[in-house]
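Student: From the sequence below, what's the structure:
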Amino acid sequence: MDNLTREDCTKLDREDPVSEFRDEFVLPENTIYLDGNSLGALPRTTIHQMEKTVQKDWGMGLIRSWNEAEWITMPQRLGDKIAPLIGAKPGEVVVVDSTSVNLFKVLVAALRLRKDRNVIVSEQENFPSDLYISEGVMEIIGGTYERRLLPEGDDAIEELIDETVAVVMLCHVNYKNGHIHDMRRVTQAAHSKGALVIWDLSHGTGVIPIDLNGTDSDFAVGCGYKYLNGGPGAPAYLYVKEALLKEVTQPLTGWLGHTDPFAFDTEYKPADDISKFICGTPPILSYAAVESGLEIFERASIEAIREKGKRLTNLFIRLMEQECDSFGFKLLSPRDSERRGCQVAYAHSDGFPIVQALVARGVIGDFREPNIVRFGFTPLYIRYIDVWETVTRLSAIMESGEWKRPEFQERGIVT
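Tutor: Next up, the predicted model:
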């Protein structure tokens, strides 16, 4: 196989069907941003949307904007905009709270539906916050609940599911290595034993076509600040299958989950739709940013985004083998692009300082303990030439040994 060249990458950029969307994002000059899997870039429309929301809706409309600017229905309205990206129907998704809070709500809701069972199945490589939430839920509910975890590197989740399992709780795309769980296979295995399924879609929504309805999935959660580009700490979203909405209950019974919030009843009467999963007053400024981020997906094809994501990550892996094969990087992500999200991870014993040296050269990736160098390739704004430049700069760093410099060993609070 012939070596790839810079011209090969520029040719791919000329043929890129989603290249037009790159200009819709604020991207610093001389910076290659490969961390959209942690925090998406700023859409240019968000700046104008925030100005409108602050100056017109809040500044001039004041409290009237809850009605006139339809602030009060934003959780449901934005949920309906996310629904097509995850294969859900209108009325099955609501934008609210954080991913962790939403997971708490749906996990308690699912366990209440399976009171005769006491096992939660997940995996050791699940996102830690999800595992922490499950620990807290088991402690709060009490009883004899236990957690059954799939060992690291194992994909045989079916072997852990039996008639004692109440809930299977997994990240659709693994946050460390980008491995994609087979949603249909896992859901069918859980349902065959009478268990319910909760998916964390945070690392896939916006870059991978997802079909919650088609796979008959029960619950899902996900964040708004990664590939959806909703801004730092953006509100998350929550999905409940329509067939469960009438019977399911959730533990955070706040006033906006009431069937008639402005009746100011002294007793809680839950709404009979997805609104029951809203708790307190929505943070409207954050919602405005989420809304402008979602607007892009009304014009961009998720299938085209996915195809480019596979090509970007395939190119990166091939160039790493071509240019950096002798520097001790071990591929952790699946080689099969069908089983890999839009991120590629490598293990390296000096991963942290290597990432810092790359940042100094204008390439922003990230590091995850204990030794993982991780790169996210957001197809809407990453170019093929960015992949070439990244590997070229990484090769130069490794060849020169500049990552050994003292300043690259120093760690901040956020790594």
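Student: top helix in the chain by residue count?
Tutor: helix 302-323 (DSSP state H).
Student: Just the CA atoms of that one, as CSV, please.
Tutor: Below are the C-alpha coordinates for helix 302-323, written out as CSV (Å, rounded to 0.1, in the frame of the first residue of the first chain):
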residue,chain,number,x,y,z
ILE,A,302,-26.5,12.7,9.8
GLU,A,303,-25.6,10.0,7.3
ALA,A,304,-23.1,12.2,5.5
ILE,A,305,-21.7,13.3,8.9
ARG,A,306,-21.3,9.6,9.9
GLU,A,307,-19.6,8.7,6.6
LYS,A,308,-17.1,11.5,7.0
GLY,A,309,-16.5,10.6,10.6
LYS,A,310,-15.5,7.1,9.5
ARG,A,311,-13.2,8.4,6.8
LEU,A,312,-11.5,10.9,9.2
THR,A,313,-10.8,8.3,11.8
ASN,A,314,-9.6,5.7,9.2
LEU,A,315,-7.3,8.3,7.8
PHE,A,316,-5.9,9.1,11.2
ILE,A,317,-5.2,5.5,12.1
ARG,A,318,-3.5,4.9,8.8
LEU,A,319,-1.3,8.0,9.1
MET,A,320,-0.4,7.1,12.7
GLU,A,321,0.9,3.7,11.4
GLN,A,322,2.7,5.4,8.6
GLU,A,323,4.3,8.2,10.5
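Student: where does the residue sitting furthest away from the middle of the chain land in three-state SS?
Tutor: Within the chain, Thr266 marks the point farthest from the mean C-alpha position, 37.4 Å out by CA atoms, centre = their mean. For Thr266, the assignment made with DSSP: H, G, I helix; E, B strand; the rest coil gives coil.
Student: so where do the helices sit in this structure?
Tutor: Secondary structure of the chain (DSSP H): helices at 6-14, 44-51, 65-68, 74-82, 99-113, 128-141, 183-192, 242-245, 284-295, 302-323, 351-360, 384-400.
Student: middle-most residue in the chain, spatially?
Tutor: Geometric centre of the chain, nearest residue: Ser202, 1.8 Å, by CA atoms, centre = their mean.
Student: contacting residues around Glu152?
Tutor: Contact analysis of Glu152 by CB atoms under 8 Å, 6 or more residues apart in numbering lists 123-125. Any C-beta I mention is one placed from the backbone N, CA and C, and that applies to glycine too.
Student: Among these, which ones are in strands?
Tutor: Those of those mapping onto strands are Glu123, per DSSP state E.
Student: out of the contacts of Glu152, who has the most neighbours?
Tutor: Of the contacts of Glu152, Glu123 is surrounded by the most neighbours, 23 neighbours in total, counting by other CB atoms under 10 Å.
Student: Write down the beta-bridge partners of that residue, one by one.
Tutor: For Glu123, the beta-bridge partners are Leu150 (DSSP bridges).
Student: Is it in contact with Leu149, as I believe?
Tutor: Yes: with contact defined as CB atoms under 8 Å, Glu123 counts as touching Leu149 (5.8 Å).
Student: Flag every buried residue along stretch 312-327.
Tutor: Under the neighbour-count criterion of 16 or more other CB atoms under 10 Å, stretch 312-327 has 312-317, 319-320, 323-324, 327 buried.
Student: any chance of the residues you listed in JSON lines, plus distance to Cys223 and pLDDT?
Tutor: Formatted as JSON lines, the buried residues of stretch 312-327 follow (distance: CB to CB, whole Å; pLDDT from 0 to 100):
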{"residue": "Leu312", "distance to Cys223": "22", "pLDDT": "98"}
{"residue": "Thr313", "distance to Cys223": "21", "pLDDT": "98"}
{"residue": "Asn314", "distance to Cys223": "26", "pLDDT": "98"}
{"residue": "Leu315", "distance to Cys223": "27", "pLDDT": "98"}
{"residue": "Phe316", "distance to Cys223": "24", "pLDDT": "98"}
{"residue": "Ile317", "distance to Cys223": "26", "pLDDT": "98"}
{"residue": "Leu319", "distance to Cys223": "30", "pLDDT": "98"}
{"residue": "Met320", "distance to Cys223": "28", "pLDDT": "98"}
{"residue": "Glu323", "distance to Cys223": "33", "pLDDT": "97"}
{"residue": "Cys324", "distance to Cys223": "31", "pLDDT": "98"}
{"residue": "Phe327", "distance to Cys223": "33", "pLDDT": "98"}
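Student: can I get those residues in a markdown table with distance to Val221?
Tutor: Below are those laid out as a markdown table (distance: CB to CB, whole Å):
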| residue | distance to Val221 |
| --- | --- |
| Leu312 | 26 |
| Thr313 | 25 |
| Asn314 | 29 |
| Leu315 | 31 |
| Phe316 | 29 |
| Ile317 | 30 |
| Leu319 | 35 |
| Met320 | 33 |
| Glu323 | 38 |
| Cys324 | 36 |
| Phe327 | 38 |
